[in-house]
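Visitor: test case, fold it:
(2 chains)
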Amino acid sequence: MAETQKRLVREYETTYLLKSETPDDQVEEIKERLRGVVGREGGKVIRFTNQGKRKTAFPVAKQAKALYMHCLYVGRPGLVQEFERNLKMIDSVTKFESVRVADDVDFDARQVEADVKVTPVEEEPRPRPEFGERGDEFEGTFEDRGEE
Amino acid sequence: MARPDMGERKGPPSGGRYGDRGGDRDRGDRGDRGDRGGEEGGRRGFSRRKVCRYCADKNLKVDYKDQGQLKYFVTERGKIIPRRISGNCAKHQRDVATAIKRARVLALLPYSVAST
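Guide: Numbering: from 1, shown residues only, chains lettered A, B, ... in the order given. Have a look, this model is predicted:
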């Protein structure tokens, strides 16, 4: 009978950007606040990932860098609205994006993991020879045709 | 004899512009397109048929968070590279396009890059 009692939920992930000057204790505070939101709505947070300060492709909130945070959680569909509503209320959150990762996840089987902090990768110094070669080929052909 | 161009086509490629790539024409896997192109359609060169990276490698997933991976499919100006050039299959091109748009929202990829 236990098999039929399985509680199926959806798994979501939300990436949110914080202003780069946000102090660490405030980052933790936001994390706990969001964890509370997810818990209140009957979901659970699998893990938070601090992806560190990274250079953005364009200025966000007039700054070239932003702190990327990633949150993976399970819950019912209404949870995402509540989660995003809370993000909007926090002033230091500049951008966010939620994506559904999986359907029909067993709520109890999904284990909570420890929070992770990854150091940001620096893209520029890393050599990317294969990209350079292929990129040139793409560029040439595309610009030949695309340019009016 | 009725179509002298048939004989012409079997010879070495005469088009100077794509001469270095012309050898692939003899592979025979694009016989349906062999009639056109060739000498008079000089603009369209025959290059190697590109394969979809994601079909070739089943373990590779389209991920909107992976900036380095998506850069393959974006021009320097930030435009999405069309399928006919990137070689993606239809399904994966759709996935890639969605992923690029998501990455733009998160400021991982630019919407546009101004030229000087």
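
Visitor: show me where chain A has strands.
Guide: A:8-19, A:44-60, A:63-75, A:93-106, A:116-117 (DSSP state E).

Visitor: read off the pLDDT value for the closest residue to A:K19 other than its chain neighbours.
Guide: Leaving aside its sequence neighbours, A:K19 sits nearest to A:S92 (CB to CB, 6 or more residues apart in numbering or on different chains; 4.9 Å). Bear in mind the C-beta positions are built from the backbone N, C-alpha and C, glycine included. pLDDT for A:S92: 92.

Visitor: try A:E41
Guide: pLDDT, A:E41: 90.

Visitor: that one touches A:E82, doesn't it?
Guide: Yes - using CB atoms under 8 Å, A:E41 makes contact with A:E82 at a distance of 5.4 Å.

Visitor: against A:R10, how distant is A:D103?
Guide: 6 Å (CB to CB, to the nearest Å).

Visitor: so which of these two has more stuff around it?
Guide: Neighbour count, other CB atoms under 10 Å in any protein chain shown: between A:D103 and A:R10, A:R10 has more, with 19 against 9.

Visitor: report the contact partners of that one.
Guide: A:V74, A:G75, A:R76, A:P77, A:R100, A:A102, A:D103, A:D104, A:V105 (CB atoms under 8 Å, 6 or more residues apart in numbering or on different chains).

Visitor: ok, so of the residues you listed, who is nearest chain B?
Guide: A:R100 (12.0 Å; CB to the nearest CB).

Visitor: OK, contacts around the residue lying closest to the closest one once chain neighbours are set aside?
Guide: Leaving aside its sequence neighbours, A:R100 sits nearest to A:Y12 (CB to CB, 6+ apart; 5.5 Å). By CB under 8 Å, 6+ apart, A:Y12 lies in contact with A:L72, A:Y73, A:V74, A:G75, A:L79, A:V80, A:F83, A:S98, A:V99, A:R100, A:V101.

Visitor: compute the distance between A:Y12 and A:S98, please.
Guide: Applying CB to CB to A:Y12 and A:S98 gives a distance of 6 Å.

Visitor: pLDDT below threshold where in chain B?
Guide: Counting by pLDDT under 70, chain B contains low-confidence ranges at B:1-48.

Visitor: top helix in it by residue count?
Guide: Looking only at chain B and at elements set by DSSP state H, the helix with the highest residue count is helix B:90-105.

Visitor: tilt between it and strand A:93-106?
Guide: 140 degrees (axes from the mean of the first three to the mean of the last three CA atoms, to 10 degrees).

Visitor: residues contacting helix B:90-105, please?
Guide: A:57, A:95, A:97, A:99, B:52-55, B:62-65, B:67, B:70, B:73-74, B:80, B:83, B:86, B:88, B:109-111.

Visitor: residue numbers of chain B in contact with chain A?
Guide: Residues of chain B that fall close to chain A, judged by CB under 8 Å from any CB of the partner chain: B:64-65, B:67-68, B:71-72, B:75-76, B:79, B:81-82, B:85-86, B:102, B:104-111.

Visitor: picking up where we left off before, reformat the strands of chain A as a markdown table; add distance to A:R33.
Guide: Below are the strands of chain A laid out as a markdown table (distance: least, CB to CB, whole Å):
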| stretch | distance to A:R33 |
| --- | --- |
| strand A:8-19 | 12 |
| strand A:44-60 | 11 |
| strand A:63-75 | 11 |
| strand A:93-106 | 11 |
| strand A:116-117 | 18 |
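
Visitor: what's the neighbour count on A:Y16?
Guide: Residues within reach of A:Y16, counting by other CB under 10 Å, total 24.

Visitor: what of A:R33?
Guide: 13.

Visitor: still on that earlier bit, among the contacts of helix B:90-105, which ones are buried?
Guide: A:57, A:95, A:97, B:52-54, B:62, B:64-65, B:67, B:70, B:73-74, B:80, B:83, B:86, B:88, B:109-110 (16 or more other CB atoms under 10 Å in any protein chain shown).

Visitor: mind checking which of these land in helices?
Guide: Using DSSP H, the buried ones among the contacts of helix B:90-105 in helices are B:R53, B:Y54, B:Q67, B:L70, B:R83, B:S86.

Visitor: ok, these vs A:K19, which is closest?
Guide: Nearest to A:K19 out of these is B:Q67 (CB to CB; 20.3 Å).
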